[in-house]
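[1] Curious how this folds, go ahead:
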Amino acid sequence: MSEGPFRGCGDDGEEPQGSSLPPGHGNDPGGAGRGPGDRHDGRRGDPPEDDSRPSPVWLDWFSPVRLAGFKGNTLLIARQPGPARDTLQDVLDRLPEDSAKQRSVILGDLAAVAVSEKDPERACALAEEALDHLARYWYATGMDRVRAVRESLTKWESRPCVRQLDERLYDWNTTVNALTG
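    Now for the predicted structure:
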């Protein structure tokens with residue numbers, strides 16, 4: 001095993017003994033007969049049996065609604081637009097007012113869902129709503145989501161809604177270039 005901060009983590013190409021890899025993968029002596037629920041030693045990474053330890057302070061950022069936002073994005077990436085739309089819309093409805101930056105990300109993800117459902121008008125409307133939020137509360141991740149949506153709208157470039165989104169993005173690029181150039 002290597003030395004340093006990741007000592008014993010298998011970063012040298014070998015899996016440590018008691019790996020949670022499926023049988024037959026990595027360094028799993030005797031591997032047969034071990035299933036996901038088997039506890040053969042204490043190094044499986046399973047949560048403790050009791051919940052007596054408090055959560056770390058930094059974990060408060062991951063509220064249930066924020067975690068649901070990650071779930072919605074994961075469903076989008078997994079090409080499950082229906083569940084993604086439902087999850088993301090629920091997140092948008094429940095997102096606290098003080099989560100203005102996150103709102104632009106969720107709107108961008110909902111716009112991407114609309115593209116996957118071949119609804120460019122809805123996608124553009126959601127992307128423009130995200131741009132409205134970004135004008136008040138800048139968040140690079142939100143802008144990345146909007147730009148990705150625009151890239152996915154190429155087959156509808158001649159539609160007025162896409163041209164209008166292009167104009168909004170052009171204005172943004174002009175503003176950003178003026179501030180940074």
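[2] per the record, what domains does the chain have?
    Using automatic domain parsing, the domain ranges for the chain come out as 1-34, 62-170.
[3] any idea which of these scores lowest on pLDDT?
    With a mean of 38, domain 1-34 has the lowest mean pLDDT of those.
[4] Skip ahead from whichever strand or helix holds Val113 and say which helix or strand is next.
    Assigned by DSSP states H and E, Val113 falls within helix 100-116. The helix or strand immediately downstream of helix 100-116 is helix 120-136, counting by DSSP H and E.
[5] was I right about Ile112 contacting Asp144?
    Rather than Ile, residue 112 is Ala. No - with contact defined as C-beta atoms under 8 Å, Ala112 does not count as touching Asp144 (11.3 Å). C-beta here means a position set from N, CA and C on the backbone, and glycine is covered the same way.
[6] For stretch 152-170, buried residues please.
    Judged by neighbour count (16 or more other C-beta atoms under 10 Å), stretch 152-170 contains these buried residues: Ser152, Leu153, Trp156, Cys161, Val162, Leu165, Arg168, Leu169.
[7] tell me the contacts of the first one?
    Translated: Ser152. By C-beta atoms under 8 Å, 6 or more residues apart in numbering, the residues touching Ser152 are Ala112, Val115, Ala123.
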